[in-house]
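J.: Give me coordinates for this.
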Amino acid sequence: MLQAREILCILLLVAGALPEACLFAQSTEATQAERRPERLGDSFSENEIVLDPTVPARELKPVEAPVPESPPSQQQLIDGHLQAGRAALQAGNIDQPPNDCAWSHFQAAADIDPENPEAQQGLLAVQQALVSRAIEVARDLDFDLAELILDDAALVREPRELIDDAHEEIFDFRSRYAEELQAKAVQAMDSGNFKQAERELVNLIALGGQAVAVNQLRQRLEEARKYGGFTPGQVIREQFINHGFWTPESVVILAGSFMMGSSANEEGAQENEMPRHRVTFRTGFAMGRTEVTVKQFRMFIKNSGYRSDAEKQGYSTIYNHRSGRLTRRDDMTWEMNYEGSKAQDNEPVVHVSWNDATAYVQWLARGTGKVYRLPTESEFEYALRAGQTGKYWWGDSAPSRRVENLTGQHDVSRSRRQWSTYFEGYGDKFWGPGPVASFGANPFGLNDMAGNVGEWVTDCWHDSYLRAPVDGSAWVNPGCKLRIVRGGYWASSPMQARSAYRFSARMDQRDARVGFRVARDL
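T.: This next block holds a predicted model:
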């Protein structure tokens with residue numbers, strides 16, 4: 001019987017890889033068998049298989065040499081590129097990836113056969129696609145990228161008609177867009193939406209190529225910020241919302257700076273006009289061209305139901321021709337003139353208190369939606385001086401022409417009175433307030449600022465300008481009892497007609513000397 005190791009060796013020999021270890025094992029077994037006693041089956045039988053330990057040689061098949069393929073013909077190369085180009089074009093791979101796109105394949109076909117019509121037609125389609133992409137990108141406002149795409153499109157084929165047409169179309173679109181941005185910026189300025197105007201201006205800058213328009217709009221925006229879309233010297237008025245009547249005319253006042261008050265060496269200067277200090281208006285404002293008239297105040301009373309302090313308290317103060325003094329008289333109202341007679345419609349309204357004047361401007365604000373108010377004291381003096389630095393807006397002495405309703409040497413009352421203090425050589429033919437705008441305007445376009453009637457301003461009374469605002473705002477203390485009257489009036493002495501002159505009055509005080517005019521934020 002065969003042993004297990006012998007059977008294993010037989011299997012390895014059949015596989016053709018007999019290891020030496022197996023042969024060594026057989027040799028070892030044989031040696032051991034010589035020392036063991038014989039057992040049944042140890043001797044050879046007649047039919048026992050004799051193992052051949054040699055490994056049979058493997059049969060090698062002959063290797064056939066490959067048959068070389070013939071190179072593709074030019075037409076095959078062209079057809080391949082054309083087919084690949086059509087597929088890339090349909091897939092939208094116009095110019096990417098660089099070596100497997102419609103452009104590269106059609107160009108490769110054209111390089112082999114420059115006259116190939118399909119290759120040329122493919123390049124035309126590539127160029128058209130790039131031009132369309134450039135226009136689309138330009139409409140998305142990326143004009144720099146659009147130019148780069150057009151530069152690539154110009155390399156696709158020699159004719160430039162498509163490129164030139166695209167440049168023209170993009171230029172026209174860019175110009176229209178620039179005009180649209182400019183229109184939006186101007187519209188925003190006119191409506192007072194300066195933040196929106198600035199955004200449109202930034203968009204215009206980003207567009208590029210609009211330096212002239214940008215500079216013009218910047219200047220206009222600065223002006224709009226100062227003047228709310230108006231121009232200095234412009235006369236404006238507004239119609240009431242849902243009503244047919246109008247506000248008094250106002251003049252847009254130039255933003256600027258001035259020295260407020262009087263210096264110690266000014267003739268007639270008062271301590272309450274000091275210290276002289278600089279006030280700067282960074283934005284413009286509007287001020288009534290004239291004092292509010294009797295007719296305009298009547299419209300307020302009729303449509304608001306307001307009752308003035310003179311009506312509620314039953315009296316006011318008038319000028320008495322006999323005594324030449326101001327005298328209290330009962331039953332005086334805003335409809336009366338300085339001497340207690342019925343006033344003309346075009347005369348400045350008098351017998352009105354600070355409370356009455358404030359109620360009137362608040363009514364204007366409600367009716368128009370605009371910020372109407374009384375002028376601040378610094379606004380009034382700034383507008384009164386109108387850029388001049390002398391005692392009066394016309395100079396430092398008596399005027400050489402008729403400029404205001406003042407106390408003149410030649411003025412005579414109907415009771416034959418004359419002024420004891422007056423402007424020498426001057427006469428305006430009025431005794432008491434005259435119709436508004438009876439004389440020419442000052443350099444800022446305002447009438448009757450230094451004469452006719454004194455005028456209420458917003459501020460509370462202070463004995464000096466110490467700690468006074470320097471930005472043109474009103475100086476108001478809660479609960480103050482006294483307000484301020486500015487500007488000369490028909491009976492002011494030359495000292496009282498000075499631009500720096502000021503006096504105080506109770507908020508409910510009224511008489512024949514004082515009226516008011518409006519102011520408006522822009």
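J.: May I ask which helix or strand encompasses residue 163?
T.: Assigned by DSSP states H and E, residue 163 falls within helix 161-190.
J.: and what of residue 108?
T.: Assignment of secondary structure by DSSP H and E places residue 108 within helix 102-112.
J.: coming back round to it: off-centre distance for the helix holding residue 163?
T.: Offset of helix 161-190 from its chain centre (CA atoms, centre = their mean, to the nearest Å): 20 Å.
J.: burial count for residue 261?
T.: Residues lying near residue 261 (other CB atoms under 10 Å) number 23. Heads up, the C-betas are built off the backbone N, CA and C, glycines and all.
J.: list the contacts for the closest residue to it other than its chain neighbours?
T.: In this structure, residue 261 finds its nearest non-sequential neighbour in residue 276, 4.2 Å apart by CB to CB, 6 or more residues apart in numbering. If you count contacts by CB atoms under 8 Å, 6 or more residues apart in numbering, residue 276 has them with 259-263, 465.
J.: From those residues, list just the buried residues.
T.: Listed as buried from these are 260-262, 465; burial here means 16 or more other CB atoms under 10 Å.
J.: Take those residues and write them to TSV, including pLDDT.
T.: Shown next, in TSV, are these (pLDDT from 0 to 100):
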residue	pLDDT
260	98
261	98
262	97
465	98
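J.: Make a markdown table from those and add secondary structure and distance to residue 516 to it.
T.: Output for the buried ones among the contacts of residue 276, formatted as a markdown table (DSSP: H, G, I helix; E, B strand; the rest coil; distance: CB to CB, whole Å):
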| residue | secondary structure | distance to residue 516 |
| --- | --- | --- |
| 260 | strand | 20 |
| 261 | coil | 22 |
| 262 | coil | 23 |
| 465 | coil | 22 |
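J.: so how far is residue 126 from residue 408?
T.: Distance, residue 408 to residue 126, using CB to CB, to the nearest Å: 91 Å.
J.: quick one, which of those two is more surrounded?
T.: Legend: neighbour count by other CB under 10 Å for residue 408 and residue 126, higher for residue 126 (26 against 23).
J.: elements contacting the helix or strand hosting the more buried one?
T.: According to DSSP H and E, residue 126 maps onto helix 117-139. Helices and strands touching helix 117-139, by 3 or more CB pairs under 8 Å, 6 or more residues apart in numbering; DSSP states H and E, are helix 74-91, helix 102-112, helix 143-156, helix 161-190.
J.: So which elements touch the first one?
T.: This means helix 74-91. Counting contacts by 3+ CB pairs under 8 Å, 6+ apart, helix 74-91 packs against helix 102-112, helix 117-139.
J.: Could you pull up the mean pLDDT of it?
T.: In this model, helix 74-91 has a mean pLDDT of 94.
J.: Can you tell me the SS state at the residue nearest to residue 496 when sequence neighbours are not counted?
T.: Distance criterion CB to CB, 6+ apart; nearest residue to residue 496, sequence neighbours excluded, is residue 488 at 6.0 Å. Under DSSP: H, G, I helix; E, B strand; the rest coil, the three-state class of residue 488 is coil.
J.: In contact with residue 488, which residues are there?
T.: Contacts for residue 488 (CB under 8 Å, 6+ apart) come out as 404, 406, 450-451, 454, 496-498, 501.
J.: any idea how far residue 495 is from it?
T.: From residue 488 to residue 495 the distance is 10 Å (CB to CB).
J.: Is residue 380 within a helix or a strand, and which one?
T.: Here residue 380, judged by DSSP H and E, is contained in helix 377-385.
J.: The very next helix or strand once past that helix relative to helix 377-385, how many degrees between them?
T.: Using DSSP H and E, the helix or strand that directly follows helix 377-385 along the chain is strand 454-460. Our comparison of strand 454-460 with helix 377-385, counting by axes from the mean of the first three to the mean of the last three CA atoms, to 10 degrees, yields an angle of 150 degrees.
J.: and strand 454-460, which strands flank it?
T.: Next to strand 454-460 in the sheet, as set by DSSP bridges, lie strand 482-486 (antiparallel), strand 514-515 (parallel).
J.: Can you give the distance from the helix holding residue 108 to the centre of its chain?
T.: With CA atoms, centre = their mean, you get 52 Å for helix 102-112.
J.: Likewise for stretch 325-339?
T.: Once both centres are worked out by CA atoms, centre = their mean, stretch 325-339 turns out to sit 52 Å from its chain's centre.
J.: Quick one: the strands in the stretch 201-350 of the chain, in order.
T.: 235-236, 250-253, 256-260, 277-281, 285-288, 315-320, 325-330 (DSSP state E, counting those that start in this stretch).
J.: Check the gap between residue 239 and residue 199 for me.
T.: Residue 239 is 31 Å from residue 199, by CB to CB.
J.: How about residue 443?
T.: Counting by CB to CB, the gap from residue 443 to residue 199 is 37 Å.
J.: go on, residue 292?
T.: 40 Å.
J.: how about low-confidence regions in the protein?
T.: 1-69 (pLDDT under 70).
J.: okay, now the domains of it?
T.: For the chain, automatic domain parsing gives the domain ranges 4-34, 74-159, 173-227, 250-521.
J.: Switch those over to a markdown table; also include distance to residue 234.
T.: Below are the domains of the chain laid out as a markdown table (distance: least, CB to CB, whole Å):
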| stretch | distance to residue 234 |
| --- | --- |
| domain 4-34 | 114 |
| domain 74-159 | 36 |
| domain 173-227 | 8 |
| domain 250-521 | 5 |
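J.: nearest to residue 165, of those?
T.: domain 74-159 (8.0 Å; CB to CB).
J.: That closest one: end-to-end distance?
T.: Start-to-end span of domain 74-159 (CA to CA, to the nearest Å) is 27 Å.
J.: and what of stretch 309-324?
T.: End-to-end distance for stretch 309-324: 25 Å, by CA to CA.
J.: do stretch 235-249 as well
T.: Taking CA to CA, the first and last residues of stretch 235-249 lie 6 Å apart.
J.: swap in stretch 493-510?
T.: Start-to-end span of stretch 493-510 (CA to CA) is 20 Å.
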